[in-house]
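# dropping a prediction and its sequence here:
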Amino acid sequence: MNLLMLILYVATSMVLASAIMYVVYRVVSRSERPSPEKTKVYACGEDYTPERASASDINLYTAVWRLSFRNLYKYIREKGHTGVLSDWFFWMYLFMIIALVVLYLVSVTLW
Amino acid sequence: MNLEYTPILHVPALVPILAVGSAFALPLIHLVTKSRKVCEYFVVTITGIELVLTTIVLHLAYTSTKPIIYTFGAWPPPVGIVYEIDRFSALLGVLAAVLFFTAALYSTKYLEKDYGVEWYYTLLLGFEAGIVGCAYTGDIFNLFVMFEVLSISAYALVAFRKDVPEAVEGSLKYAIVGSVATTIYFIAITFIYGSFGTLNMADLAAKVRGLTFPVTGTALGNVHVATGIALALIVWAFSIEAALVPNHFWLPDAYVGAPVTFSAISSGAAVNISLYIIARYLYTILQGRDGPAAPTVEAVLIALVVMGCLSAIVGSVLMIVQKDINRLIAYSTIVNSGYIAIGLGIGTPLGIVAALFHMINHAVAKALLFFCAGNYVHVVGSRDLDDLAGVGKKMPLTTIGLVVGALALAGVPPLNCFMSKLILAQALFEANLTPLIAVIVFASVLSLMAYLKIIYNVYCRAPVKKLPEAREHPLMAYPVIAYAITCIVFGLLAPILVPTAIEPAVTDLLNTDNYIKAAMEIAEKLLR
Amino acid sequence: MVMCMWMYILETVLYPGLVFTLLGIIFTNWYVRKVKAHMQNRIGPLYTGPFGLLQPIADLIKLFSKEDIVVSGYPARAPAFFLTLAMGSLVALLLMTPIAPYPLQAPYDIYIALYLLVWPTVAIAIAGYLTPSPFTIVGTARVLSLTLAYELGFVLSVLVPVVLASRYLGAEYSLYTTCTRAWMLWTKPLPAILLAISLLTAILSLQCKTMMKPFDIPEAETEIVAGPFTEYSGPKYALILMLHDQELFVGALLLSQLYFGGPIPLINNPLLAAVVTFVEYLAITLVVTWIHASTPRYRVEQALNWFWKYLLPLSALALVVSMVV
């Protein structure tokens, strides 16, 4: 079977199975509107608005960028992505010099 | 059959000329009419005509067995400027035209609060002329000129909102980096011209192969050293516009303050064009890793794979820490450009198929994401993710588009980008580069985290401040819906699209014989 | 062709599709609870059905018959939509393995299989973010942060048998053919070592993927109640529990087939083959549950560091060696 056709078959079976599950869920679960008391935001009896519970996205992946890979992020951001043009050009010209030397040597010796 | 004098064969030349001509006409039209509406109608019409014209070119390219050649002023190929369009470039031309048409439609509402839109539309048309010209040209100096047209329009487009500090800063940085790139490309051309004695791509390919071409004969000097140095400079110069690490620094800064239409087109079309030029040099002119210049090409291919992996890693790593919606999506462009570079760097036909298919899929999905971001920013007036909290609930259509685009770009089956990544994975398996799958998975996982961060912010979070009641205008919602549907349809139609559209294009790119022969026949006919 | 189509639909719905998966979910739930209880000097489910086998069904009936509570201002159906989609993706994965009578297979389809395993993460993340309380946000962010560890670990480990089988036995990087051939490599010394290493790392990644201790960080009940699932109850919570058990069930079945061939070595005797596959699945689930019941919990960055310091280098090394030898 063709690889791209296979993914369509797999997707069809995925959609079919999930459609059945979803229908079962819809049939089984009671779909009446919940009583108004249940839709209220409840925060342990405190007067707490949803706005105050809105967590900033900067706190989401701190485990990755502040704890586990701190050094990697520090390196990438402070060595290259400083926003200063001369830092950028250091890396760009470094790459250009390497490319020139390697390709010069390859072209002269191997070709 | 004498095809030279049928009017339809003038269409390829008409595409850039119409764009440039209308770009120059637009300020005059505005001067006379003083009407914003007229400008908008004019630009939408012109980009629509461009779309039709590029589609005609695509049809011509896919129905003919040879690349289409257009000689300006009937000068024979190595002497005059030539457009040589095979299926690969025709496909990229249509892709760019679609992006420009939707961007023009979208701009009519997106820029309603801005003034001086006639200059914006002028630059947009210039940008289109540059991109389509780069795709169609068969002459490396004409390529330089068209690339300058593209770049200069792009620098100015970035700074269109000149009262936004980030826009001006980004534009200035982009201009400095970009003009270095074009200058370096110019130096590379001098190396090539000095040793080969020609600027025509077909002629160059013939000379690399050691054939004689009409008028110029064989190569002048030592082509080995010149080719090596020129290739290094060319890859360096075009990897700047393609935003491959370590030449990617300008891109997030430029996209932050720019109109999202520019970002969508740039990451969809300009990145593709730069990668296309690298591929054209490697596969058509130097004839790939089996051609005469095998060691040099092999070195460049390895460099492309390394740069692609670095782009995927660095781009995705920095994606998850961004607070600015445009900047976050900009880093995702670096990631996807990396995938395309990996595909081109594998060096097998299947790798190029994956790269071309991912170029198209990424352009569609990225335009979708940028337009969604534009819709939100347009209503709220801030690009900060914190300020955008909760705005997605007021714009259900845009949010659905955002979810589709985000899942597509994160590579969730069966959406379109998954299909191209699947082909890329197959190419990696076949080339015995299996560990690089881990790089793709790593980048995809981080991208998924970053996209879910946007979705969390715009949809799931409770708003932190009072949001305006406005919703998206239909003209801003239609492109989003259209692109979202395209994302799904391209995924489902992949088994048909790949063999009928993508594979012939890649065959054309690799078929140097045909490329040389087409140009040579025209040259001999005109010289007679 | 029509015959084929019906066969294929039957596979999706009955075996090894939805019905089989549901039975598997119920059994896995019971088995994990029973094993964990015995390791903690308890008895576990006892009263409903023989040995308490029907206890998970009773739980599901209870959850499904509850009211479907919706957080105000958030979509009522979207979490269920994504959760069922993830369950469907795991069902589709089983159709690509040898336990399916007519498996779906093509060369290089291992990449599809790997990406089908991403859907549960996507679904849990979306379900978590769609009920914005501090606990769910923290939990969901932890789920996604850990993806960086276990998704990579799983991919790197699973690729080892695939690469080995493709290089030695011509499996063409397909999940099905790898399952049918990779088990033969246990007789050769070096491939056997590589397989053993990657099996270990794959099981540990599965441990993290199914949020079992020491990697139950996203739903650490002493810190953040139930993580992404805090606000869920009733039918949607039933779906979440089912998805969770399905991940373990499908993951264990997948590993048992990838590394030991599942039914393939004894394919001539279907009954024995089924028993052997079942035992292999029980063994892998037992290992996962054992670790779950006997370890304390890591902090999220400890888990990430642990993966990146020990497990990922080990599995990457195994992959590179398997490509070279």
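Nice, I can see it.
# which residue ranges of chain A form strands?
Applying DSSP state E to chain A gives no strands.
# what residue in it comes nearest to chain C?
residue A:18 (2.9 Å; C-beta to the nearest C-beta). Quick note: C-beta positions are derived from backbone N, CA and C, even for glycine.
# for that residue, which non-adjacent residue is closest in space?
Using C-beta to C-beta, 6 or more residues apart in numbering or on different chains and skipping residues adjacent in sequence, the residue nearest residue A:18 is residue C:88, 2.9 Å away.
# the one you found belongs to a strand?
No - secondary structure assignment (DSSP: H, G, I helix; E, B strand; the rest coil) places residue C:88 in helix, not in a strand.
# the helix or strand hosting residue B:487 near chain A at all?
Here residue B:487 sits within helix B:474-492, counting by DSSP states H and E. Yes - Helix B:474-492 lies within reach of chain A by C-beta under 8 Å from any C-beta of the partner chain, at residue B:492.
# mind listing what's buried along that helix?
Of the residues in helix B:474-492, B:476-484, B:486-487, B:490-492 count as buried by neighbour count, 16 or more other C-beta atoms under 10 Å in any protein chain shown.
# the following helix or strand past it near chain A at all?
For helix B:474-492, the succeeding helix or strand toward the C-terminus, using DSSP H and E, is helix B:494-497. Yes - Helix B:494-497 reaches chain A (C-beta under 8 Å from any C-beta) through B:494, B:495.
# so what does helix B:494-497 touch, helix or strand wise?
Here helix B:494-497 touches helix A:3-28, going by 3 or more C-beta pairs under 8 Å, 6 or more residues apart in numbering or on different chains; DSSP states H and E.
# could you give the mean pLDDT of the helix it packs on?
Rounded to a whole number, the mean pLDDT of helix A:3-28 is 86.
# for stretch B:299-318, same thing?
In this model, stretch B:299-318 carries a mean pLDDT of 92.
# related to what we said a few turns ago, next, the angle from the helix holding residue B:487 to helix A:3-28.
120 degrees (axes from the mean of the first three to the mean of the last three C-alpha atoms, to 10 degrees).
# what about residue B:441, distance to chain C?
5 Å (C-beta to the nearest C-beta, to the nearest Å).
# chain neighbours aside, what residue packs nearest to that residue?
Per C-beta to C-beta, 6+ apart, closest to residue B:441 is residue C:155, 4.9 Å.
# in a helix, that's where that neighbour is, yeah?
Yes - assessed by three-state DSSP, residue C:155 belongs to a helix.
# and it, how many residues sit next to it?
Around residue C:155 there are 25 other residues, counting by other C-beta atoms under 10 Å in any protein chain shown.
# pretty sure it contacts residue C:115?
No - with contact defined as C-beta atoms under 8 Å, residue C:155 does not reach residue C:115; the gap is 9.6 Å.
# ok, whichever residue of the stretch 51-200 of chain C sits closest to chain A - contacts?
The nearest approach of the stretch 51-200 of chain C to chain A comes at residue C:88, 2.9 Å away (C-beta to the nearest C-beta). By C-beta atoms under 8 Å, 6 or more residues apart in numbering or on different chains, the residues touching residue C:88 are A:13, A:14, A:15, A:16, A:17, A:18, A:19, A:21.
# could you redo the last one with a cut-off of 10 Å?
A:11, A:13-22, C:12, C:17-18, C:21, C:116, C:119 (C-beta atoms under 10 Å, 6 or more residues apart in numbering or on different chains).
# mind listing what's buried along the host helix or strand of residue C:167?
Using DSSP H and E, residue C:167 maps to helix C:134-169. Using 16+ other C-beta under 10 Å as the test for burial, helix C:134-169 gives C:135-168.
# isn't residue B:190 right up against residue B:226?
Yes - using C-beta atoms under 10 Å, residue B:190 is in contact with residue B:226, at 9.4 Å.
# the more surrounded of these two?
Ranked by neighbour count (other C-beta under 10 Å), residue B:190 and residue B:226 place residue B:226 first, with 21 against 12.
# can you tell me the helix or strand for the more buried one?
Residue B:226 belongs to helix B:223-241, assigned by DSSP H and E.
# packing partners of that helix?
helix A:85-109, helix B:140-158, helix B:165-196, helix B:201-209, helix B:250-257, helix B:271-279, helix B:294-319, helix B:325-346 (3 or more C-beta pairs under 10 Å, 6 or more residues apart in numbering or on different chains; DSSP states H and E).
# what about the second one, distance to the chain center?
It refers to helix B:140-158. Chain-centre distance of helix B:140-158: 13 Å, with C-alpha atoms, centre = their mean, to the nearest Å.
# give me the angle between it and helix B:201-209.
Counting by the same axes, to 10 degrees, helix B:140-158 lies at 130 degrees to helix B:201-209.
# contacts (any at all) between chain A and helix B:140-158?
No - judged by C-beta under 10 Å from any C-beta of the partner chain, helix B:140-158 stays clear of chain A, getting no closer than 14.6 Å.
# no more questions from me, cheers.
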